[in-house]
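Undergrad: Mind looking at a prediction? Sequence and model below.
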Amino acid sequence: MNLIPFNYPYFTGKESEYIMDAFHEGKISANGKYTQLCQEFLETKYGFKKSFLTNSCTQALEMATLLMDLKPGDEIIMPSFTFVSTANAFALRGCKIIFVDSRRDYPGMDENLIEGLISKKTRAIVAVHYGGIACDMEKIVALVRQYGLFLVEDAAPALEANFRYKSGKIQALGTFGHFAAFSFHETKNISTGEGGLLVVNDERFFQQAERIRDKGTNRSAYFEGQVDHYEWVSLGSAYGASEIMAACLWAQLQEQERIQSKRRKIWEWYDQNLGELLNGYEWDWMKSPDHAVHNFHIYYGVAKTKQERDQMISHLKEKGVMAVFHYQCLHQSHYYLSNKPGPLKLVEAEKYSQRLLRFPLFADLEIEKIANLISRP
């Protein structure tokens, strides 16, 4: 049986052409022609103040922690139901992670619980836009301003997703925080295999971000003629993405509207038909809060029990369809429990960890094929 995979990366046909062009340009390390094209495109289209291509979203988050000059013992508030990179970036700086529960209506962090977790040691709130679905940014931004905190948007899958104000105005995710991190991993709408983006919206950090990405040196200032030599000036690492990755990204960005259109059709088909095709299963199907304009990154259902979720996985596998669960709560992880005495109970996050199931969603997924496969006998 040919299994329908959970994900399959989209190939535009231009990737190899642009990669070869990068070789002909004579520069395939970081910060060349295609890096500049991608960064300028993203800044213009979404209103990002300054963007920096990185090798991964994980690296983008690590850069943000260095820009904030975080110290051991600083407290960072984030959801437990998130990918491990969200927490790892801060744990590497010795920060204390304060986990917040998920919402009842969708897996994102419960914004109403955040204020009760803020202390004198709190330095930042990390707003994780789960599945490309916006957090309530009005509430979070208000807290950040009230308490003088940093705001980091973990927008890994959220390119092309927006926040909707009560007035109806929409604003791109990644433009609210002092910093935002995006992913171009193989599983994302726009993919380069690996790859990421750090967005810096506070101009105080533009120059320092350049230094951190250049291994902690003032290399960029040297090449721009601002200094007569370059040297080690701060902490940093080799965060810059290669021109090969940037060339691949440029091909994807040029096809973005087509990719989004294809994903939208599949998402809407799921939303209209999945419940009927899988009749007999009483599931809660994906719904977005009114404030979120999502980007068709994910389609999921939430079972009544873990056993029912596992039964669905087996049923779909027998039909030739690969469906998968998502994150395991970080507050229940071996690493967290081994470093903090006593368990933490986050009811909603644990619910999603045990009962949420994601269905295949990629641009070239054949709707007719999956419809025939997953319908119950």
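TA: Perfect, thanks for sending it.

Undergrad: in the stretch 1-150 of the chain, which ranges drop under the pLDDT threshold?
TA: Low-confidence segments of the stretch 1-150 of the chain, defined by pLDDT under 70, span residues 1-2.

Undergrad: quick one, strands of it?
TA: Assignment of strands within the stretch 1-150 of the chain using DSSP state E, counting those that start in this stretch yields the ranges 50-54, 75-79, 96-100, 122-128, 150-154.

Undergrad: Could you dump those into JSON lines with mean neighbour count and distance to residue 138 added?
TA: Where you see a C-beta, it was placed from the backbone N, CA and C, and this is true even at glycine. Below are the strands of the stretch 1-150 of the chain laid out as JSON lines (neighbours: other C-beta atoms under 10 Å; distance: least, C-beta to C-beta, whole Å):
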{"stretch": "strand 50-54", "mean neighbour count": "25", "distance to residue 138": "24"}
{"stretch": "strand 75-79", "mean neighbour count": "25", "distance to residue 138": "17"}
{"stretch": "strand 96-100", "mean neighbour count": "21", "distance to residue 138": "17"}
{"stretch": "strand 122-128", "mean neighbour count": "25", "distance to residue 138": "12"}
{"stretch": "strand 150-154", "mean neighbour count": "25", "distance to residue 138": "12"}
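
Undergrad: Please name whichever of the ones you listed is nearest to residue 234.
TA: Closest to residue 234 of the strands of the stretch 1-150 of the chain, according to C-beta to C-beta: strand 50-54, at 14.9 Å.

Undergrad: roughly how far out does the closest one sit from the chain middle?
TA: Relative to its parent chain, strand 50-54 has a centroid offset of 15 Å by C-alpha atoms, centre = their mean, to the nearest Å.

Undergrad: and that strand, what does it pack onto?
TA: helix 33-46, helix 57-67, strand 196-200, helix 206-213, helix 243-254 (3 or more C-beta pairs under 8 Å, 6 or more residues apart in numbering; DSSP states H and E).

Undergrad: will you turn those into CSV that also has distance to residue 178 and mean neighbour count?
TA: Listed next are the helices and strands packed on strand 50-54 as CSV, based on distance: least, C-beta to C-beta, whole Å; neighbours: other C-beta atoms under 10 Å:
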stretch, distance to residue 178, mean neighbour count
helix 33-46, 16, 18
helix 57-67, 8, 26
strand 196-200, 8, 27
helix 206-213, 11, 20
helix 243-254, 24, 24
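
Undergrad: Between those, which one is closest to residue 355.
TA: Ranking the helices and strands packed on strand 50-54 by their distance to residue 355 (criterion: C-beta to C-beta) puts helix 57-67 first, at 26.0 Å.

Undergrad: Quick one: the helices in this structure, in order.
TA: Along the chain, counting by DSSP state H, helices occupy 15-25, 33-46, 57-67, 84-91, 137-147, 206-213, 219-223, 243-254, 256-277, 306-319, 334-339, 347-355, 367-374.

Undergrad: any chance of those in a markdown table, plus distance to residue 229?
TA: Converted to a markdown table, the helices of the chain look like this (distance: least, C-beta to C-beta, whole Å):
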| stretch | distance to residue 229 |
| --- | --- |
| helix 15-25 | 26 |
| helix 33-46 | 24 |
| helix 57-67 | 23 |
| helix 84-91 | 31 |
| helix 137-147 | 39 |
| helix 206-213 | 14 |
| helix 219-223 | 6 |
| helix 243-254 | 25 |
| helix 256-277 | 41 |
| helix 306-319 | 59 |
| helix 334-339 | 42 |
| helix 347-355 | 51 |
| helix 367-374 | 59 |
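
Undergrad: Which among the ones you listed is found nearest to residue 179?
TA: helix 57-67 (4.0 Å).

Undergrad: for the closest one, packing partners?
TA: Under the contact definition 3+ C-beta pairs under 8 Å, 6+ apart, helix 57-67 sits against strand 50-54, helix 84-91, strand 150-154, strand 179-183, strand 196-200, helix 206-213.

Undergrad: Format the helices and strands packed on strand 50-54 as JSON lines; extra columns: distance to residue 261.
TA: Shown next, in JSON lines, are the helices and strands packed on strand 50-54 (distance: least, C-beta to C-beta, whole Å):
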{"stretch": "helix 33-46", "distance to residue 261": "16"}
{"stretch": "helix 57-67", "distance to residue 261": "24"}
{"stretch": "strand 196-200", "distance to residue 261": "22"}
{"stretch": "helix 206-213", "distance to residue 261": "33"}
{"stretch": "helix 243-254", "distance to residue 261": "14"}
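
Undergrad: Go through the ones you listed and name the closest to residue 298.
TA: Of all the helices and strands packed on strand 50-54, helix 57-67 sits nearest to residue 298, with 15.8 Å by C-beta to C-beta.

Undergrad: Show me what that closest one is in contact with.
TA: Applying C-beta atoms under 8 Å, 6 or more residues apart in numbering, the external contacts of helix 57-67 come out as 52, 54, 85-86, 88-90, 92-93, 95, 152, 154, 156, 179, 181-185, 196-198, 200, 205, 208-209, 212-213, 234-237, 239.

Undergrad: Stretch 40-51 too?
TA: Counting by C-beta under 8 Å, 6+ apart, 39, 159, 171-172, 174-175, 180, 197-203, 206, 209, 250, 253 sit against stretch 40-51.

Undergrad: That stretch: end-to-end distance?
TA: 8 Å (C-alpha to C-alpha, to the nearest Å).

Undergrad: At the geometric centre of this protein, which residue do we find?
TA: By C-alpha atoms, centre = their mean, the chain has its centre lying nearest to residue 156, at 1.2 Å.
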